[in-house]
Structure formats: C-alpha cells, structure tokens
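In: Below: sequence and its predicted model.
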Protein chains: 2
Amino acid sequence: MRAGLPFGRVPLGQNDEMPDDETIQRVRNRWGEGDRLRIEILEGAGRLLSELGGEDGLTIRGVARAVGIAPASIYQHFADRAALIDGLVEYEFSLLMKAMTAADESLDPTDVMGRVRAQVHAHRDFADAKPGHYRLLFGKATRRAIRGERPVNGPLFEVFTSFIEAFDRCAEAGFALRVPSRRAASLVFVSVYGRAALLDGVRIERPDDDSLDDLVSLIFA
Amino acid sequence: MRAGLPFGRVPLGQNDEMPDDETIQRVRNRWGEGDRLRIEILEGAGRLLSELGGEDGLTIRGVARAVGIAPASIYQHFADRAALIDGLVEYEFSLLMKAMTAADESLDPTDVMGRVRAQVHAHRDFADAKPGHYRLLFGKATRRAIRGERPVNGPLFEVFTSFIEAFDRCAEAGFALRVPSRRAASLVFVSVYGRAALLDGVRIERPDDDSLDDLVSLIFA
DNA sequence: TCAGTAAGAAAACAATCGTTCGGTAACTCT
DNA sequence: AGAGTTACCGAACGATTGTTTTCTTACTGA
C-alpha cells in the first residue's frame, strides 16, 4: 500500500503499524550528512536490544523498523547483519569506556583509590542500566572464539587495561596491594561481571552494591 | 528424494547430507519406549548447543537433523520450540545438580569443608566443559524476566540451596564463617559464574583455578 | 542548465524457519 | 483376525529473514 509515492516532503519509511500518534517524521539527511544515519541505526539497534533483551530478534528488518527506514538503507552503512552487530558491539563498548573514563576524571586525580571505585561503579551502573547491552558485549566474543574467528578482545581489553592502570596508580601512590594490580583488575572484573550477570539473569540474592567496594578494600592491605 | 519409502526396516530419518560414512542407522524405538526419543532429542539438542555455542541456531529442524529424525517427530514430545528449549534447560540443570551432589557424596561426610570445595569444583568443571550449556542455563531466566513471564529460578535455586546447605553444615560442625552462609553461597556463586563467563567469553587473564579455593578459604575465619 | 552523486526506497529473491495435517508401519490386546 | 495405539514420517503452508537489484529524488558544483 502507498507505493511509488514521491518522498522528501513526506514521512520516510514504511510504518505499517501504529499510524497512531504521529507517523515517525523522519527527514532525509542533508548532503554530506549521510553518516548520521549510521549512528541513528546503531542507536535504534541499541533501543531494540534493550527491549528485546538479547541479540536474537535483532534483525536487519527490525532495526530498520525501529529507525524508521527501509531495510535496504542499512546496507549503505553495514555490509551485512554480522557487520551491523559488530558495529553495535563496538559502539556500546565505546559508550562503556566513555562512562568509565568520565567517572575516573570527575574525581581529584590524586584520589587514586576513589578513582578505582568510580570506575567500578561506572561499570556496574552500565551493566545495571542496560543488561541486554552488557550481555551482548561480553557474550559476543564467545561465539567468535568458537567459530575460530579473531576474537574481539580489542575494545574489551581497553576496559580491562583501564582497571589495571587504576590499580597501578594506587601502587605508585604508595598504597599496598595484596595482589599484583593485574590480578586485582581480574578479580574486580570477575566480580563485577558475575554480579551483573547473576543479578539480571538469576536474581537469587541481590549482591548488594557494597560488596564490590568490599572487594576493592580487600585487595588493599 | 526417496519419498513414500516404507520404513521400519530402513534407516530412519532424512539425511540429505553426509551419506558418507554409514547412514545414521536410527531404528524406531519399540513399544512403550517412545519416551526414549525425548531424551535422544535433548541430547541431540545438547550436542548442537555445544557446537553452536549459543541458543541461536538451536532450531527445531536443526535438532531433528542432529538426532536423525523428522522435524515433525519433535512435536510428539515438545509442544513447540520454546518448550523444547525449556526442556533442555531443565535437563541440563539436572545434569549440573547430579554432578554437584555426586562430588559432594564422594567425600567423607564429616569433611564438610572438603565438600564445599568439591561442589564448587564440580560447578566450575561443568561450566568449563560445556560453556554453551552453562550460558544457556543462566541466561535463559533473563529473557523470561524481561517478557514478564515466570522466572525459572526453580532448578537454579536448587543449585544455590546446595551451596547454602554445604556452608550450613560447616557452621554446624563448628567452623566459623566470616559471613552468613547464605551470603557466602552468594559470593561463591557470583565468583564461579563470573569466572566461567569471563573465561569462556573473554579470556583476558585466566583466573586460575585456585582463586576459587582462595575465596572459600577467605569466607572462613 | 546539466552532469554527477548522495541518500534512500520498493520490490523481489531464495532460504529458512515453526508448525500442521494427514498418513503409514509396527506392535499389543482381545 | 481385527481394533486400537505407538512411533514415527512426508509434504506442505505461511511467515520471516538476509540480501540484491533497480529505482527515484534531492542536492551540488561547474
């Protein structure tokens, strides 16, 4: 229905459902701003991921529907579905890193232990706020590894390194660590991850938020 | 191809690929043993899950292919795809529980701390051996929770309770716990889970196996 | 004014999926 | 021997998917 309609002065995209409120009034991006759609696609995919809670229903057509464009338009920015999801993973990782460094830099640079906690909290809050995203981030590498493809440790490693550096700063500042900072980072990581995964998936006994701080305290002598 | 063939004295199932070695010589179960197929389906689904590493490709047709039966035959044992996956989750949970209780009972009943460690190790080994299964077990509840359906904490709670009881036995035997056994169980759970998830998905720095024992030791005063 | 290109849509393709419907062979019980 | 049941299969339906091909429109620079 409504085929061959000239477009441009008319809502973009086919919205077969919900002609309800006001039809999604997408307007075509102007010259040289075509890349903006790429981000809109990633954000639409992110929204969809939140609603669905998993990578499963994250289809090309679904994303196109969420953004309000035609499925074919996605192929201008992503080679195929896998590339779209890879792009989403990378995008979400960048958001996580941004949150962590923002938390880190919001504190007095000399407050090294506070900065460790700030990063941990930022990480935890990200996982709490967007469990679906978090699961995608840390679950994606697995499928890759199983298929023997290159792992996507890159962006993740950045996150990990950020923890290590935070602990290193503490050591340099004279705080005594019970374990090497690399191992400390690993411990924190495991705990944050485990808490997040358990909390959103299982909900046995809520590991209260303090427990992460306790862990950090425990690492220091 | 090969339609309308009388069956019974002839390999069951359509194996369009791999007429290679010897065609999968499935024979029809005898009278009253129809339920055996149910388990064969679950095991086939389990194998598929290991290969695929995720719930994604776990389709009715794929499972049927893996077992060597017709897709329609699955519907005699499972109402639909969701029921099949639910059944798989339950089945795998029972395997995990069986491994844990076996480890627990293999020890001298009075060695209460050893039994805690044995359960932790059994849990860890299950996760290491079948990461895909493990991920399915603890990821499944999430989608449910998001869709507002009843959570499947049942079988999982059994696992959790098993940890609690193990710690309770320690307390009764006179060992001093630094935290209540319920919280201790939660701690162990989070760590085992976090380690498993990180280890198979991310592979940053291998949290060595001793770290779990360290955690258990830490819980005791 | 006109060629060139950016931005995006419509429509169709093949593949795969879940599921249903109706069958057929083998076994058991009377 | 016949009726009923168990244990499956074959074929098809409709829906959805990823992807490709072929547009149309709008803007730019010369």
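Out: Thanks, I have it. Numbering: from 1, shown residues only, chains lettered A, B, ... in the order given.
In: buried sites along the longest helix belonging to chain A?
Out: Counting residues, the longest helix found in chain A (DSSP state H) is helix A:81-105. Neighbour-count burial for helix A:81-105, counted by 16 or more other Cβ atoms under 10 Å in any protein chain shown, picks out A:84-89, A:91-93, A:96-97, A:99-100, A:103-104. Yep, even glycine has a C-beta here, placed from its N, CA and C like the rest.
In: tell me which strands and helices it is in contact with?
Out: The helices and strands touching helix A:81-105, judged by 3 or more Cβ pairs under 8 Å, 6 or more residues apart in numbering or on different chains; DSSP states H and E, are helix A:35-52, helix A:60-67, helix A:112-129, helix A:131-146, helix A:153-172.
In: What's the separation between the residue in chain A that chain B sits nearest to and DNA strand D?
Out: Going by Cβ to the nearest Cβ, chain B is nearest to residue A:194 of chain A, at 2.4 Å. Here residue A:194 is placed at a distance of 31 Å from DNA strand D (Cβ to the nearest atom of the strand, to the nearest Å).
In: Leaving out sequence neighbours, find the closest residue to that residue.
Out: residue B:194 (2.4 Å; Cβ to Cβ, 6 or more residues apart in numbering or on different chains).
In: I'd guessed the one you found sits against residue A:195; true?
Out: Yes. Here residue B:194 reaches residue A:195: they are 7.2 Å apart, a contact under Cβ atoms under 8 Å.
In: out of those two, which sits in the more crowded spot?
Out: residue A:195 (26 against 22; other Cβ atoms under 10 Å in any protein chain shown).
In: about what we covered before: show the pLDDT at the residue nearest to residue A:194.
Out: Among the per-residue scores, residue B:194 shows a pLDDT of 79.
In: and if you look at residue A:201?
Out: Model confidence at residue A:201 (pLDDT) stands at 58.
In: now residue A:16
Out: 35.
In: for the buried residues of helix A:81-105, which one is nearest residue B:51?
Out: residue A:85 (20.2 Å; Cβ to Cβ).
In: roughly how far apart are that closest one and DNA strand D?
Out: Counting by Cβ to the nearest atom of the strand, the gap from residue A:85 to DNA strand D is 9 Å.
In: residue ranges with poor pLDDT in chain A?
Out: A:1-34, A:140-154, A:198-221 (pLDDT under 70).
In: domains of it?
Out: A:1-78, A:81-219 (automatic domain parsing).
In: circling back: any idea how far the residue nearest to residue A:194 is from residue A:193?
Out: Taking Cβ to Cβ, to the nearest Å as the measure, residue B:194 falls 5 Å from residue A:193.
In: pretty sure residue A:185 contacts residue A:159?
Out: No. Applying Cβ under 8 Å, one finds residue A:185 not in contact with residue A:159, separated by 9.7 Å.
In: Of the two, which one has the most company?
Out: The neighbour count for residue A:185 versus residue A:159, taken as other Cβ under 10 Å, is higher for residue A:185 (26 against 20).
In: OK, contacts around that one?
Out: Contact partners of residue A:185, counting by Cβ atoms under 8 Å, 6 or more residues apart in numbering or on different chains, are A:160, A:163-164, A:166-167, B:205.
In: Can you tell me which of those is nearest DNA strand C?
Out: For the contacts of residue A:185, the minimum distance to DNA strand C (Cβ to the nearest atom of the strand) is 35.5 Å, reached by residue A:160.
In: Was I right to think the closest one contacts residue A:189?
Out: Yes. Counting by Cβ under 8 Å, residue A:160 touches residue A:189, with 6.3 Å between them.
In: And these two? Which one has more around it.
Out: residue A:189 (25 against 19).
In: where's that one relative to residue A:123, distance?
Out: Counting by Cβ to Cβ, the gap from residue A:189 to residue A:123 is 8 Å.
In: Please apply the same query to residue A:181.
Out: 16 Å.
In: about what we covered before: got JSON lines for the helices and strands packed on helix A:81-105, with distance to DNA strand D too?
Out: What follows is the helices and strands packed on helix A:81-105, written out as JSON lines (distance: least, Cβ to the nearest atom of the strand, whole Å):
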{"stretch": "helix A:35-52", "distance to DNA strand D": "11"}
{"stretch": "helix A:60-67", "distance to DNA strand D": "3"}
{"stretch": "helix A:112-129", "distance to DNA strand D": "26"}
{"stretch": "helix A:131-146", "distance to DNA strand D": "15"}
{"stretch": "helix A:153-172", "distance to DNA strand D": "22"}
